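Trainee: next comes the sequence, and after it the predicted model I'd like to discuss.
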Amino acid sequence: MNDRRYSTTELMASVASRILEDKKSVFVGTGLPMIAALLAQRLHAPNLLIVFESGGIGPQIPTLPISVGDSRTFHRAVMATTMDYVMSLGQMGYYDFGFLGAAQIDKYGNINTTVIGDWEKPKVRLPGSGGGNDVGSFCRKTIIIMRQDKKRFVEEVDFVTTPGYLKGGESRYKAGLPRGSGPYRVITQLGVYGFNSNGEMTLVSTHPGVSIDDVIENSEFEISIPKKVESTAEPTEEELRLLREEIDPAGIVIGKRK
């Protein structure tokens, strides 16, 4: 990977943005998900409907908001509504995509953002669900962006904050969650992952300069590796320009270039 031209954070943002489709809806969180959505809207998905937890629906955001509660998430919005309303739209099945981060993930896409260690005496207490459970439960396709190592890609998450495919097979749907919903892609600094028919994580592509061994060595659980693995396309010059000059010129999320 040519780190002089782009960072892994910029690569992850550009990869995530390409998954989003024009004339679709996306429920967006703070940080990289927000940057990816803004990049998609400026490039290939001008009619992407962005929704924020705080109640902004369909804004045209001029500069990067600090968080989903920033007033800029309502800029030229189609609607300025409430958290209760945007969550209820998810329950009704209106969101095509959801974006989440994670502290831990297992092979079925179950996410932990609550505690590391035992619930009663945790090593680390994390921010919790926020809207994460709603997003992962009801959006048709959930995209997860996170760093990858053996402490994050684990055999069993310490706490299921957001359900993935639970134990695999039909277990997600037997638990009452809607069919056609669930984890769709996981994007890390090493590659892009999807899920097979049993709900198990499988490798889709490796990033430039990353080997299959790198992927295997940075996961506690066994990732399904197909015979043919694609190489992730690098960020284009226009993607990098938009990220650095228009979307996050202060380097709040993507970092400052040296």
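Mentor: Alright, I've got the coordinates. Residues are numbered from 1 along each chain as shown.
Trainee: Gly180 reaches Phe138, doesn't it?
Mentor: No. Taking C-beta atoms under 8 Å as the definition, Gly180 is not a contact partner of Phe138, at 10.5 Å. In short, each C-beta sits where N, CA and C put it, glycine included.
Trainee: what about those two, which has more around it?
Mentor: In this view Gly180 and Phe138 are compared by other C-beta atoms under 10 Å, and Phe138 has more residues nearby, 22 against 9.
Trainee: quick one: residues contacting that one.
Mentor: Shown in contact with Phe138 (C-beta atoms under 8 Å, 6 or more residues apart in numbering): 90-91, 93, 95, 98, 177-178, 181.
Trainee: select only the buried ones of those in PyMOL?
Mentor: A single PyMOL command selects the buried members of those (16 or more other C-beta atoms under 10 Å):
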select buried, resi 90+95+98+177+181
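Trainee: how deep is Pro183 tucked in, by neighbour count?
Mentor: Pro183 - counted by other C-beta under 10 Å - has 28 other residues nearby.
Trainee: distance check, it against Asp248.
Mentor: According to C-beta to C-beta, to the nearest Å, Pro183 stands 26 Å off from Asp248.
Trainee: swap in Val204?
Mentor: With C-beta to C-beta as the criterion, Val204 and Asp248 are 26 Å apart.
Trainee: neighbour count for those two, which is higher?
Mentor: With neighbours defined as other C-beta under 10 Å, Val204 and Asp248 compare such that Asp248 has more, 23 against 17.
Trainee: isn't that one right up against Leu64?
Mentor: Yes. Counting by C-beta under 8 Å, Leu64 is a contact partner of Asp248 at 5.1 Å.
Trainee: shaky segments in the stretch 51-200 of the chain?
Mentor: The model of the stretch 51-200 of the chain has no residue with pLDDT under 70.
Trainee: mind redoing it with 90?
Mentor: 61-70, 119, 127, 130-131 (pLDDT under 90).
Trainee: the strands in it, which residues?
Mentor: Taking DSSP state E, counting those that start in this stretch as the criterion, the stretch 51-200 of the chain contains strands spanning 56-57, 79-80, 97-101, 104-105, 111-112, 115-117, 122-125, 141-145, 183-187, 191-195.
Trainee: on that earlier part again, overlap in contacts of Asp248 and Leu64?
Mentor: Ile35.
Trainee: wait, Pro208 touches Thr232, no?
Mentor: Yes. Assessed by C-beta under 8 Å, Pro208 is found in contact with Thr232 at 6.6 Å.
Trainee: those two: which has the busier surroundings?
Mentor: Thr232 (21 against 13).
Trainee: give me the phi and psi for the more buried one.
Mentor: phi -60, psi 130 (degrees, to the nearest 10).
Trainee: what separates it from Gly128, distance-wise?
Mentor: 31 Å.
Trainee: now Met12, nearest residue through space, not along the chain?
Mentor: In this structure, Met12 finds its nearest non-sequential neighbour in Ile187, 5.4 Å apart by C-beta to C-beta, 6 or more residues apart in numbering.
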